[in-house]
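Engineer: fold the following, please.
(chains A and B)
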2 protein chains.
Amino acid sequence: MKASGPSSIAARSLPATARRRVVAWMHGLALVTLWVLAPLARAQTDPLPSWHDGAAKQAIIAFVKDTTDKASPRFVDPEARIATFDQDGTTWVEQPNYAEAMFAFDRLAVELAKRPRLKLVEPFKTIMSGNQAAIAKLTNEDLLKVAAALTHSGLTVDEFRTIVADWLASAKHPRFKRPYTELVFQPMLEVMQYMRANGYKTYFATGGGQDFVREYAQKVYGIPPEQVIGSAAETSFGYAKDGKAVLTKTHKMLYVDDKTGKPIAIHQMIGRRPVAAFGNSVGDQQMLEYVQAGDGPRLMVLVHHDDAVREYAYGPASKVGTFSDALGAEAKRRGWVVISMKNDWKRIFGWE
Amino acid sequence: MKASGPSSIAARSLPATARRRVVAWMHGLALVTLWVLAPLARAQTDPLPSWHDGAAKQAIIAFVKDTTDKASPRFVDPEARIATFDQDGTTWVEQPNYAEAMFAFDRLAVELAKRPRLKLVEPFKTIMSGNQAAIAKLTNEDLLKVAAALTHSGLTVDEFRTIVADWLASAKHPRFKRPYTELVFQPMLEVMQYMRANGYKTYFATGGGQDFVREYAQKVYGIPPEQVIGSAAETSFGYAKDGKAVLTKTHKMLYVDDKTGKPIAIHQMIGRRPVAAFGNSVGDQQMLEYVQAGDGPRLMVLVHHDDAVREYAYGPASKVGTFSDALGAEAKRRGWVVISMKNDWKRIFGWE
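Structural biologist: Below you'll find the predicted structure:
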């Protein structure tokens, strides 16, 4: 959770930023295109080519086949084919910290450079110290709220989008040394594409910030902004100097899309119960329970991080994406599919 | 705003209710199908057959043609083709009161029959008196909130859907003596169909209750639940006796989708700025301003109720759907399209 130094965003001239942003996005887009097209060539024989042929893969394919086969008693009408996906830890890397936390801390560094006295005040003093042991004693959620409140509120929604895009184009993951948008799990991209090819509408239901995820979800995952459900702060309506209507971000939370907040936000944003849901932690438990409580065929899936070599292995002791023993027991009892990243996935990333 | 007597919902046996509901919905569906198919047969020559060939019709057709013509400088990418529609007064009748207010008052009657002492307390005493002059002194919004808080909260979202469906199947408009779902403006249905046929995603952005409108929006307007934005109360997550996850409606408002609340809710639910918006009152002003503030081609439209013979004529003095003089002046200044129901529409309803 080391906060990087003041981002270079502030120092760069705008034209250079714009150039870099375009180049970086085109690069990202090209990679995504490759990821999308490569599996499609093999789709006729295998819709999930990055998966080993285990129980998890078989369960997903059986569910999609049954629910789209008119002759099956498990057939689901096309308009009811809705699947929700958690993001952090389910469709991309969340260790050693959420990408969005890194973004918020980078933004905080920019902000503190402008207001140096804040560095003498807690919790900013600890955040900026780089002292991992001291930082570990603060909760991630509190840190993120503090950082977001200080650095996101007061921006118009358009300004915020630009800042997120700039950050995504320049930030790199500390271990993999790649942009966060390349740390997407290839097997999960294949599931999303496979479900969409079979008439499913894929949604994010993420604890991450709704506007943050919306900035890249279409390019990286093929999920449009209106299908991103996330934690959201209220905006306020006003007029710019030229008289044009603008929306400005505030720090007042509308809802936190985690735990019980997930089914609540799903009802708020979609208005019907999904038939499939994918998660990886205790934050996704109620979403899976809610999906399962509906009538007809249901698919509940958990990604288990048990591959320290290719990604990370973490469980009950983790600060993010906790997969508790109780969650594992509930998954077993309720018949949820549990994906072992180590055993079920041939490869983790598209660039492997 | 006369509240009808206690609804027969409570008195009916469930199987009978279920039968009636199916029959009523099938009847509604058949009507809607006729409305949908009839104009399509003529679509090649005229996408808006219920419109006189005036400035409003020409502006709408020109906008759709330009924004879908790749050779036009006003071309809009398919994924950005988002149009938002107010409902009450814009796509269906809102006089003498919102359908949803009638629903809430009918529900209130059921509730008061169970708790008769409440009838002695204000504002319930006045509401139940049927005394129009006394009722007129209360504000509609307050009445609706009181009724909704008392009659909707504590219901699961599934129970609420059933109650709305039952009410829609039995309630009739006091003047037209037809179900509210038949009091839809045929010319606006044609606009929605025309825009969808040209790649536009049509959304409701209504001050009405989100879950209320979601119950019939697909059948009546072709708008799925996830494209209904409305005023919304929070739900709470819990477990039924059988251990299944349920969501229960509370009376705590999440947001009121009116005036400045409209662009705010649109950003929350869609995450991008629509390119077209349709309204009819001061409650829609900020939505139209927000849509207009975006780059590229924009279409802002107001429906003006000036036809007392076929529907209603109302303006600044109205309690619902106020079309103020200031709104008219702003429409003129900003170049918004104003529809005269009297002069622009050949017919108002599909059954005429």
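Engineer: check contacts around A:Gly207.
Structural biologist: A:Gly207 is in contact with A:86, A:88, A:230-231, A:256-258, A:262, A:283, counting by Cβ atoms under 8 Å, 6 or more residues apart in numbering or on different chains. In short, each C-beta sits where N, CA and C put it, glycine included.
Engineer: would you turn these into TSV with secondary structure, distance to chain B and pLDDT?
Structural biologist: Shown next, in TSV, are these (DSSP: H, G, I helix; E, B strand; the rest coil; distance: Cβ to the nearest Cβ, whole Å; pLDDT from 0 to 100):
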residue	secondary structure	distance to chain B	pLDDT
A:Asp86	coil	16	98
A:Asp88	strand	19	97
A:Gly230	strand	10	96
A:Ser231	strand	12	94
A:Val256	coil	12	91
A:Asp257	coil	12	93
A:Asp258	coil	12	95
A:Lys262	helix	9	98
A:Gly283	helix	13	96
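Engineer: run a quick neighbour tally on A:Thr322.
Structural biologist: Using other Cβ atoms under 10 Å in any protein chain shown, A:Thr322 has 16 neighbouring residues.
Engineer: those residues of chain A touching chain B, which are they?
Structural biologist: A:79, A:82, A:157, A:201, A:210-211, A:214, A:218, A:224-226, A:228, A:232, A:234-237, A:244-247, A:254-255, A:260, A:263-264, A:267-272, A:286, A:289-290, A:292-293 (Cβ under 8 Å from any Cβ of the partner chain).
Engineer: show the buried residues in those residues.
Structural biologist: Buried residues within those, counting neighbours by 16 or more other Cβ atoms under 10 Å in any protein chain shown: A:82, A:157, A:201, A:210-211, A:214, A:224-226, A:228, A:232, A:234-235, A:237, A:245-247, A:254-255, A:260, A:263-264, A:267-272, A:286, A:289-290, A:292-293.
Engineer: for A:Ala171, see how far away the residue nearest to A:Leu138 when sequence neighbours are not counted is.
Structural biologist: In space, and not counting its chain neighbours, A:Leu138 is closest to A:Pro123: 5.7 Å by Cβ to Cβ, 6 or more residues apart in numbering or on different chains. Counting by Cβ to Cβ, to the nearest Å, the separation of A:Pro123 from A:Ala171 is 22 Å.
Engineer: which one's more surrounded, these two?
Structural biologist: Per other Cβ under 10 Å, whichever of A:Pro123 and A:Ala171 has more neighbours is A:Ala171, with 18 against 15.
Engineer: pick out the least confidently modelled helix or strand of chain A, by mean pLDDT.
Structural biologist: Least confident element among the helices and strands of chain A, by mean pLDDT, DSSP states H and E: helix A:14-41 (a mean of 45).
Engineer: for my notes, confirm A:Arg310 occurs in a strand.
Structural biologist: No - A:Arg310 sits outside any strand when classified using DSSP: H, G, I helix; E, B strand; the rest coil, being coil.
Engineer: now do stretch A:95-108, average pLDDT.
Structural biologist: Average pLDDT, stretch A:95-108: 88.
Engineer: and for it, what's in contact with it?
Structural biologist: So stretch A:95-108 is contacted by A:1, A:3-4, A:7, A:9, A:88-89, A:92-93, A:124, A:127-128, A:140, A:143-144, A:147-148, A:150-152, A:163-164, A:167, A:171, A:173-175, A:180, A:183, A:208-209, A:212-213, A:305, A:311-312, A:314, A:318, A:320-321 (Cβ under 8 Å, 6+ apart).
Engineer: distance from the chain centre to that stretch, please.
Structural biologist: Computed by Cα atoms, centre = their mean, to the nearest Å, the chain-centroid distance of stretch A:95-108 equals 13 Å.
Engineer: quick one: the strands in the stretch 51-200 of chain A?
Structural biologist: A:82-85 (DSSP state E, counting those that start in this stretch).
Engineer: got any ranges where it has weak pLDDT?
Structural biologist: Scanning the stretch 51-200 of chain A with the threshold set as pLDDT under 70 gives A:140-145, A:149.
Engineer: all helices of it, in order?
Structural biologist: Counting by DSSP state H, counting those that start in this stretch, one finds helices in the stretch 51-200 of chain A at the ranges A:55-67, A:99-114, A:124-129, A:132-136, A:140-151, A:157-170, A:186-197.
Engineer: what of the stretch 251-352 of chain A?
Structural biologist: With DSSP H, counting those that start in this stretch as the criterion, the stretch 251-352 of chain A has helices spanning A:261-269, A:285-292, A:325-334, A:341-344.
Engineer: so which residue of the stretch 101-250 of chain A comes closest to chain B?
Structural biologist: Per Cβ to the nearest Cβ, A:Pro225 is where the stretch 101-250 of chain A lies closest to chain B, at 3.3 Å.
Engineer: pretty sure A:Ile229 belongs to a helix, no?
Structural biologist: No - assignment of A:Ile229 by three-state DSSP gives strand, placing it outside any helix.
Engineer: ok, now which ones touch it?
Structural biologist: A:84, A:203-206, A:210, A:257, A:265-266, A:269-270.
Engineer: rerun that using 7 Å as the cut-off
Structural biologist: Neighbour list for A:Ile229: A:203-205, A:210, A:257, A:265-266, A:269 [criterion: Cβ atoms under 7 Å, 6 or more residues apart in numbering or on different chains].
Engineer: counting neighbours, which of the residues you listed comes out on top?
Structural biologist: A:Ala205 (31 neighbours).
Engineer: could you verify that that residue is part of a helix?
Structural biologist: No - using three-state DSSP, the assignment for A:Ala205 is strand, not a helix.
Engineer: so it sits against A:Ala83, correct?
Structural biologist: No - contact criterion Cβ atoms under 7 Å: A:Ala205 and A:Ala83 do not qualify, at 9.8 Å.
Engineer: residue of the stretch 1-150 of chain A nearest chain B, please.
Structural biologist: A:Glu79 (6.3 Å).
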